[in-house]
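# A structural model of the following input is requested.
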Amino acid sequence: MNRYDRRTTTFSPEGRLFQVEYAMEAIRQASACIGITYADGVLLVGEKNIKSKLWIPERSEKFAIIADHIIVAIAGITADANILVDDSQLNAARYQYRYQQPMPLEMCVHDTCDYTQYFTQFGGLRPFGVSMLWAGYNEQDGFQLFHSDPSGNYAEWQATSIGNNAKSAQAILKEDYKAEMKIDEAIDLCIKILTKTMDSPTLDADQLELSTLRLDSKGQPKYHQFDADELNKRIKAYQEAHKDEENDD
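Residues are numbered from 1 along each chain as shown. Reported below is the predicted structural model:
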């Protein structure tokens with residue numbers, strides 16, 4: 001520890017803000033999230049942090065609904081994420097009320113990142129220790145996937161990963177991701193990544209959450225989170241199809 005990491009507003013001689021870097025490190029230690037855009041929507045997968053078999057979560061641990069057309073996956077400090085989720089929901093609701101149309105995803109991400117960046121500029125504050133993957137839809141841009149981090153930076157991706165072992169997951173995504181892949185292919189790719197990057201030797205529905213954002217029969221974006229039975233069926237099907245590969249390894 002040195003005198004340059006005691007305040008968020010103090011740059012080191014190398015031009016670094018250590019408090020922001022510490023927040024980024026907290027995210028690298030958090031449970032992983034993966035986002036993939038596919039032909040008909042966006043797929044988000046999050047690794048659960050199982051605290052206790054007796055624990056009853058009040059809601060999804062990894063996902064939050066910002067609006068009907070925007071969902072986020074969270075990696076980092078959940079309490080920090082709750083503040084940003086509340087702020088984003090308020091921004092989206094105000095935009096809908098004022099303009100009578102859904103808020104564009106990038107505008108929502110931009111507003112939240114402006115708020116996040118504010119906490120890196122003033123003494124007595126600390127950066128938010130959370131990164132998010134944002135999935136959204138609008139008629140002009142179609143389905144989109146964004147990533148935001150504690151510094152206030154954000155970028156659009158076809159597929160990306162945050163949290164624990166994110167570099168390993170990114171390497172697999174670079175090699176195996178294909179544009180316009182189907183949902184089954186996207187799910188299999190996520191299962192492959194988590195099988196290779198998670199510390200647990202086995203994978204089941206108790207260890208992850210999976211959700212999609214896609215259009216319903218009326219052409220409206222619809223959020224769906226897979227239940228335990230759906231997840232276990234997908235995992236078993238993948239394991240059966242790749243049993244020979246696992247034996248070779």
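# what's the longest helix along the chain in contact with?
Selection of the longest helix in the chain by residue count, based on DSSP state H, yields helix 78-99. In this structure, residues lying in contact with helix 78-99 by C-beta atoms under 8 Å, 6 or more residues apart in numbering are 61, 64, 66-67, 70, 72, 74, 101-103, 107-108, 111-112, 115-116, 128-130, 132. C-beta coordinates here come from the backbone N, C-alpha and C atoms, glycine included.
# Please narrow those residues to those residing in strands.
Per DSSP state E, strands hold the following members of the contacts of helix 78-99: Ala64, Ile66, Ala67, Ile70, Val72, Ile74, Val130, Met132.
# Could you find the closest non-adjacent residue to Ser161?
Taking C-beta to C-beta, 6 or more residues apart in numbering, and ignoring the residues beside it in sequence, Ser161 has Ala169 as its nearest neighbour in space, at 3.7 Å.
# Ok, Ala92 next?
That would be Ala67: by C-beta to C-beta, 6+ apart, it lies 4.2 Å from Ala92.
# Which strand residues bridge that neighbour?
For Ala67, the residues forming beta bridges with it (DSSP bridges) are Ile70.
# Against Thr112, how distant is Ala79?
According to C-beta to C-beta, to the nearest Å, Ala79 and Thr112 sit 16 Å apart.
# Which one's more surrounded, the two?
Shown here are Ala79 and Thr112; by other C-beta atoms under 10 Å, Thr112 has more neighbours (25 against 10).
# Quick check: that one vs Ser131, distance?
Distance from Thr112 to Ser131, counting by C-beta to C-beta: 12 Å.
# Low-confidence bits of this protein, can you list those?
Scanning the chain with the threshold set as pLDDT under 70 gives 1-9, 50-51, 57-59, 200-201, 244-249.
# which residues of it fall in helices?
For the chain, the helices defined by DSSP H cover 18-28, 78-99, 105-118, 166-176, 183-197, 228-241, 243-248.
# right, and those helices - which one's nearest Asp204?
Minimum separation from Asp204 across those (C-beta to C-beta) falls at helix 228-241, 6.2 Å.
# What are the contacting residues of that closest one?
Under the contact criterion C-beta under 8 Å, 6+ apart, helix 228-241 has outside partners Ile187, Asp188, Ile191, Lys192, Leu203, Asp204, Ala205, Asp206, Leu208, Leu210, Phe226, Glu246.
# doesn't Tyr38 make contact with the first one?
No - with contacts counted by C-beta atoms under 8 Å, Ile187 stays clear of Tyr38, the gap being 9.0 Å.
# hey, what's His147 bridged with?
With beta bridges defined as DSSP bridges, His147 has these partners: Leu133, Ala155.
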